[in-house]
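Q: below are the sequence and a predicted model for it; my questions follow.
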Amino acid sequence: MSITLYYHPYSRAAGTLWALEEAGVAYTLKVLDLLQGEQKGPELLALNPMGKLPTLVDGEVVVTEAAAIALYLADRYAPARLAPALDDPRRGAYLRWSFFAPGVIEPAVMAKAGHWEVREVSAGWGNHASMLAAAHSAIAGRSFVLGEAFSMADVVFGGTLRYMLEFKLLEPTPDFQAYVDRLNARPAYQRAMARNLAMRKELGLQ
């Protein structure tokens, strides 16, 4: 079976390349022209009714949502290496911080940036201050969210922090910056970013 990633270098699919490289699996990129709205065309809508990237096809399996794709790849292709086993006590933290990134960090940051009027008791992400405190606690005194062992949770959680720091949506505190620097040094991340840059050039986007 072959893996196909529906992709554009200026979409969340760019981060999915890192997950693929960490998993160490071969994949093919199916580039969609976002400016022409190809992500809303019949081919992708048949796979992902949201018409969003990334969308990953692995044989007969279709996975959407960047965090879900990353966790799927870890469980399917790198169990024990990138994903704790089902009976591993670290599995709880692995899932916790993987879902915290899209479920709490992203909406809390967007709510603050957009001055959204939300009632904290009604919003699943709480408030910005509590989100920050929790995010700092995830890496306090450790190299990665599971301690000294890198996992796919770092691709999801760390990738989100990197994006927020890059676009100045979070303060680059020493712990956040040092964590992201460790992630940036990973060979798989560097391969993924090199491919993203090459695709931007190939598509005339630089």
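A: That came through fine.
Q: which pLDDT value goes with Arg119?
A: pLDDT recorded at Arg119 is 85.
Q: and it, how many neighbours does it have?
A: When counting by other C-beta atoms under 10 Å, one arrives at 6 neighbours for Arg119. C-beta here means a position set from N, CA and C on the backbone, and glycine is covered the same way.
Q: in contact with Ala26: list those residues for me.
A: Ala26 makes contact with 2-3, according to C-beta atoms under 8 Å, 6 or more residues apart in numbering.
Q: from now on call the first residue 782
A: Yep, numbering from 782; the last one is Ala807 now.
Q: wait, is Ala916 part of a helix?
A: Yes - judged by DSSP: H, G, I helix; E, B strand; the rest coil, Ala916 forms part of a helix.
Q: now it: how far from Leu946?
A: Computed as C-beta to C-beta, to the nearest Å, the Ala916 to Leu946 distance reads 11 Å.
Q: who has more neighbours out of these two?
A: Ala916 (25 against 17).
Q: ok, now how distant is the more buried one from Leu942?
A: Distance from Ala916 to Leu942, by C-beta to C-beta: 7 Å.
Q: and for these two, which residues touch both?
A: Counting by C-beta under 8 Å, 6+ apart, the contacts common to Ala916 and Leu942 are 886, 957.
Q: rewinding a little: list the residues that contact both of Ala916 and Leu946?
A: Common neighbours of Ala916 and Leu946, using C-beta under 8 Å, 6+ apart, are Phe957.
Q: and the helices in this structure?
A: Assigned by DSSP state H, the helices in the chain fall at 794-804, 823-828, 847-858, 872-881, 887-894, 909-920, 933-947, 955-965, 968-983.
Q: and Glu846, what does it touch?
A: Glu846 makes contact with Pro883, according to C-beta under 8 Å, 6+ apart.
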